[in-house]
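> sequence and predicted structure are below.
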Amino acid sequence: MPFFMVYGAETVLPTDLDYGAPRVKAYNEEGAEASHQDAMDQLDEARDIALLHSAKYQQALRWYHRRQVWDRAFNIGDLVLCLVQSNKDRHKLSPPWEGPYVIVETL
C-alpha cells in the first residue's frame, strides 16, 4: 500500500476508514500528539545546532580576517595609492591603482 504525503501528514483514504485498515485501528491520538511534540523538540534542537555552527563559522571568519588585515595609520603628507573601483573604459593591462595621492587630513 503506498503512503502519500500531504503537507507533512500521511493521507488516510476513505477505503481505509470503511474497511478498518490496521493503521487506522492502531492510531492513537495521545501517541500522535506526543510524536508531534517530539518532532517539534527535535526541530528546536536542530535550529540550536545550526545557530551554534553559524556562530562558530562567524568566529573563525573574524579570526581569519583579523590575522590577514593589518591596521595602518596614515599621517598628513603621506603618499598613498587608491585601488580603482571600476574597470569601465579601462584596458585589461592598465594598472589597478590610481595616484599617488597626498594625505591632507586624518579623521
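Noted; the coordinates are in hand.
> how does this structure divide into domains?
By the record's domain assignment, the chain is partitioned as 1-71, 72-107 (automatic domain parsing).
> pick out the shakiest of the ones you listed, pLDDT-wise.
With a mean of 80, domain 1-71 has the lowest mean pLDDT of the domains of the chain.
> how about the helices in this protein?
Residue ranges of the helices in the chain, as given by DSSP state H, are 14-19, 22-25, 29-68.
> can I get those helices in JSON lines including distance to Ser94 and mean neighbour count?
Just so you know, the C-beta spots here come from the backbone N, C-alpha and C atoms, and that holds for glycine as well. Below are the helices of the chain laid out as JSON lines (distance: least, C-beta to C-beta, whole Å; neighbours: other C-beta atoms under 10 Å):
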{"stretch": "helix 14-19", "distance to Ser94": "74", "mean neighbour count": "10"}
{"stretch": "helix 22-25", "distance to Ser94": "72", "mean neighbour count": "10"}
{"stretch": "helix 29-68", "distance to Ser94": "27", "mean neighbour count": "10"}
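> output the ones you listed as CSV; include the columns distance to Leu79.
Shown next, in CSV, are the helices of the chain (distance: least, C-beta to C-beta, whole Å):
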stretch, distance to Leu79
helix 14-19, 83
helix 22-25, 80
helix 29-68, 24
